[in-house]
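Q: requesting a structural model of the entry that follows:
(chains A and B)
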There are 2 protein chains.
Amino acid sequence: MKNFEFKNPTKILFGKGQIENIKNEIPNDAKVLMLYGGGSIKKNGIYEQVSTALSNHEVVEFGGIPANPEYSVLMEALKVIKEQKTTFMLAVGGGSVIDGTKFLSSAALYDGKEPWDILSKNIPTLKGMPFGTVLTLPATGSEMNSGAVITRADTKEKLAMGGAGLFPVFSVLDPEVIQSIPHRQLVNGITDAFTHVLEQYLTYPAGAKLQDRISESILQTLIEVAPKVLEDPTDYSAASNFMWSCTMALNGLIQKGVPTDWAVHAMGHELTALFGIDHARTLAVIAPSHYEYNFETKKEKLAQYAERVWNITEGSTESKAKAAIKRTEAFFNEMGIATKLSQYTNDYEGTAEEISKRFKARGWEGLGEHQNLKPEDAEQIVKMAY
Amino acid sequence: MKNFEFKNPTKILFGKGQIENIKNEIPNDAKVLMLYGGGSIKKNGIYEQVSTALSNHEVVEFGGIPANPEYSVLMEALKVIKEQKTTFMLAVGGGSVIDGTKFLSSAALYDGKEPWDILSKNIPTLKGMPFGTVLTLPATGSEMNSGAVITRADTKEKLAMGGAGLFPVFSVLDPEVIQSIPHRQLVNGITDAFTHVLEQYLTYPAGAKLQDRISESILQTLIEVAPKVLEDPTDYSAASNFMWSCTMALNGLIQKGVPTDWAVHAMGHELTALFGIDHARTLAVIAPSHYEYNFETKKEKLAQYAERVWNITEGSTESKAKAAIKRTEAFFNEMGIATKLSQYTNDYEGTAEEISKRFKARGWEGLGEHQNLKPEDAEQIVKMAY
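A: Numbering: from 1, shown residues only, chains lettered A, B, ... in the order given. I've put the predicted structure just below:
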C-alpha cells in the first residue's frame, strides 16, 4: 500500500425528506446564491422544496448553468456574486451545476485578474466561498469531493481544477430525485460512476486489499442495481444504493494508497470537447480500447476484476482479463451505450491525431498510472475506439 | 436504506515515515500536551520520532494512562492542562490513550463543576480542545471517530461519551508500529475490529447493499491478513491492510443507513468489569451465543455472511447461517482466543444473573438492533457462553 493522506469534511444528509434540513446547515445571516441548470428542478418539485427550506434566508438565484459548465456563463454568475455580495452558495443540480459552483467558490475569493488562470495554470484552491449542494443527478461524485471540470467554448477546452478548499460544506442526497431523471441520464450516471471506480482500480496491483475490495463492492452494487433503477426509477431501495454508490465512487476513499489511472477521462474529455458526446459515453468508448492497449500492465487486476466482480473464474490470467474487458463493454452496451466513436459521428477520421496534437500542445508528459503514456499512445488508443 | 447523516473530518496520514509530518498539522504557536500510556513508546522508537517531529513546538508530557482509561488519572492530566495552559493535545498510543485524550478534550472546555457529568449525564461534546493522534495499536478505531469509553474505578463504572467535537484533527497511521506490538495485542486488535464490523452488519436485512459489501470487504481483508500479521508483524503489506481495516471498521461509514446491534459489546463490557478479561476476548465469548440466541432475526444476514465472507454456499438459509456462527468461533479459536467464559475463570457461576441484575439496575430498556432484548435475554445469552 502506498502512503496517503485522506480528509473529507463534507457532511452528507442522505435520504428522503432531507432537503428541508438544509436550513440548519446554512448560517442564518448568509446571503445565498442558489445555482441551478436548465430548470428541470422547477418541474420535479425540488425547486419548491429548496425554496420552502430557505424561506427564512435571503436568496438570490442564478439558473441556466449548462451541462459541461461553460466559463462564459459562470463569469455572469460571478458578476452576480460580486454585485449582490452573496456569502454562501447552494448548488441544486447534477455534476455540472456543482462543478460550476466550485469554480465560483474559487473565483469569488481569487485575487488574480483572470479567473481562467485557476484552470489553465492549475492553481489549487485552499479556501473558497462556502457552498452546499442538493444533488439531483447521481453520477459524478462532485457532491463529496473537491474537484471540478470546467469547459470553455471559445477555445474548445475542458480543464480540471481542485483543492482542499472546494469540498461542499454539506450535500443532500435524496434518492427520490431519481424518479424524475430521464432514462438517458440514469444510464450516463451508472456508466460515469462505474468508470470512476475502474480508473482507480484497474491499474497495476499495489497490495491495497481493502481498497480493492471496496472498489469491487461499488462495482458489484452498481451492476446489481442498474437494471432495477433503469426499469423502475421509483424503486427507492435500488435508487438509494445507486445514489450512495455514485458518491462513494469518487469521494477520495478508494483512490487512497493505490495508483490511479485517469487516462480514460483525459481522452474522453477531448471527445466531448470535439463532438459534444455525453461525458459518460466518451468513457465507455475509450475504456475498452485503453484496457486492451495497456493489457500487459493491467492484466493481473483485470483478472481479479473478472473473478470477483463478474464471476469469471475459469481460464488463465490472460483469458480472464480479456473476458473482463469484453464483459465491461457488454455491460455498457446492455444499457444502450454505444462503445465505438463511429456510432456517435461520421466525422471521426483524424480524431486520434487531433487529440494527440492537443496533448502535445499542452506539454503533457504522460498519462496513466505509470505516467508513461505519450500522445502517440493516446492516438493509438483513440484509433482502436473508432 | 435508512436515512443518515455522515461527516468525518479527521485527516489521516497513513504510511511509513508519516510521524514526522505531525509538525505541519499542529499550529506553530500551540502549547502541546503529549499523552501516552505505560511507556512502551520509549522502547519502540515512537517517542523519539514524535519528539523529533515536535522539536520546534513547546511540549508538556503526561504518561501513564492505563488500559481502560481511568477517570482519576485523567483528572490529574486535566490539572496539567489548566496549570500549563496547553492548547493542543497529542495522543500517542492505542484506543485507551486516545479515548482518555477525548475525555480531556471535552473536559478542558467544560464549564460545569464535575467533568464526570459529561459521561454520567450523557452530555454531547460539540466543541473540544483540538487534538491529534499517533496510533500505536490498531483495534478500536478511536483514531477516526468521535466516541470514547472511560472507566471509573471507585464506582466500578465504564461509560461512553461522544459528540461531533471529538473527532481527532489528524491521526497518523504508520503500519511499522505493528512490528513491536505483542502477539496477544495483535490477536485482540484483529478480534476487536472484526467484531466491530459484525455489530454493524449482522442485524436484520435493511437493503443497504453497498454498506453490506463494504462490511464484508473489511471482514474478508481481516481474515486474509490475520495469519500473515500474526506470523510476521514486519510484513508491511499485511500490517498496512490490517491497520486500515481496523480504522475503517469503526469510522462511521459502515453504520450509516443500517441498523446496528452493539449488544455483544454491552455484555462483553460487563465481563471485563467483573473478571478483567481483555475487551476483545469478551466479545469473542459473547458473539457466538448472541447470534445463536437471536438466530431468527439474524439468519438472513448470517447466511449472506456465510456465502460472501466464508464461501459457505451449500444448504438452506438456516444451515448456512448456523455454519457461519461456527466458522466465526473457529476463526477466533484459530488465533488462540478462547470463546467460552469457563476458559477464563472457574468462578463463572452466577455471572449471567449478575449481568442481568446490573442491566436492570441501570434501567436499560432493550439491547440489540430491535432494542427489544431484555436483561433476561442477556442472562440466557451469557449462560450459553459459559
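
Q: now do the contacts for the nearest residue to residue A:151 once chain neighbours are set aside.
A: Leaving out its chain neighbours, the residue that sits closest to residue A:151 by Cβ to Cβ, 6 or more residues apart in numbering or on different chains is residue A:68, at 4.1 Å. C-beta coordinates here come from the backbone N, C-alpha and C atoms, glycine included. Residue A:68 is in contact with A:96, A:149, A:151, A:158, A:272, A:279, counting by Cβ atoms under 8 Å, 6 or more residues apart in numbering or on different chains.

Q: among those residues, which are in helices?
A: Applying DSSP state H to the contacts of residue A:68, the entries found in helices are A:96, A:272, A:279.

Q: mind putting the residues you listed into CSV with neighbour count and distance to residue A:239?
A: Below are the ones in helices among the contacts of residue A:68 laid out as CSV (neighbours: other Cβ atoms under 10 Å in any protein chain shown; distance: Cβ to Cβ, whole Å):
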residue, neighbour count, distance to residue A:239
A:96, 26, 21
A:272, 20, 27
A:279, 23, 21
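
Q: what's the closest of those to chain B?
A: The closest of these to chain B turns out to be residue A:279 (Cβ to the nearest Cβ; 22.9 Å).

Q: what distance do you get for the closest one to residue A:218?
A: Counting by Cβ to Cβ, to the nearest Å, the separation of residue A:279 from residue A:218 is 19 Å.

Q: again with residue A:6
A: With distances taken as Cβ to Cβ, residue A:6 is found 17 Å from residue A:218.

Q: what bits of chain A have low per-residue confidence?
A: For chain A, no stretch is flagged by pLDDT under 70.

Q: how is chain A carved up into domains?
A: Following automatic domain parsing, one finds the domains of chain A at A:11-176, A:183-384.

Q: in chain A, what residue spans correspond to helices?
A: Using DSSP H, helices in chain A cover A:46-53, A:71-84, A:95-108, A:116-120, A:183-201, A:209-231, A:236-249, A:263-275, A:279-293, A:295-310, A:317-334, A:351-361, A:375-384.

Q: deepest-packed of those, please.
A: Stretch with highest mean neighbour count among those: helix A:95-108 (a mean of 28; mean count of other Cβ atoms under 10 Å in any protein chain shown).

Q: ok, what's across the strand from the nearest residue to residue A:57 once chain neighbours are set aside?
A: Nearest in space to residue A:57, with sequence neighbours left out and distances taken as Cβ to Cβ, 6+ apart, is residue A:32 at 5.3 Å. Residues in a beta bridge with residue A:32, per DSSP bridges, are residue A:59, residue A:88.

Q: correct me if wrong: residue A:32 contacts residue A:92.
A: No - using Cβ atoms under 8 Å, residue A:32 makes no contact with residue A:92, being 10.9 Å away.

Q: which one's more surrounded, the two?
A: residue A:92 (27 against 22; other Cβ atoms under 10 Å in any protein chain shown).

Q: if I look at the more buried one, how far off is residue A:10?
A: 16 Å.

Q: same check, this time on residue A:141
A: 11 Å.

Q: shared neighbours of these two, anything?
A: Common neighbours of residue A:141 and residue A:10 (criterion: Cβ under 8 Å, 6+ apart): residue A:251.
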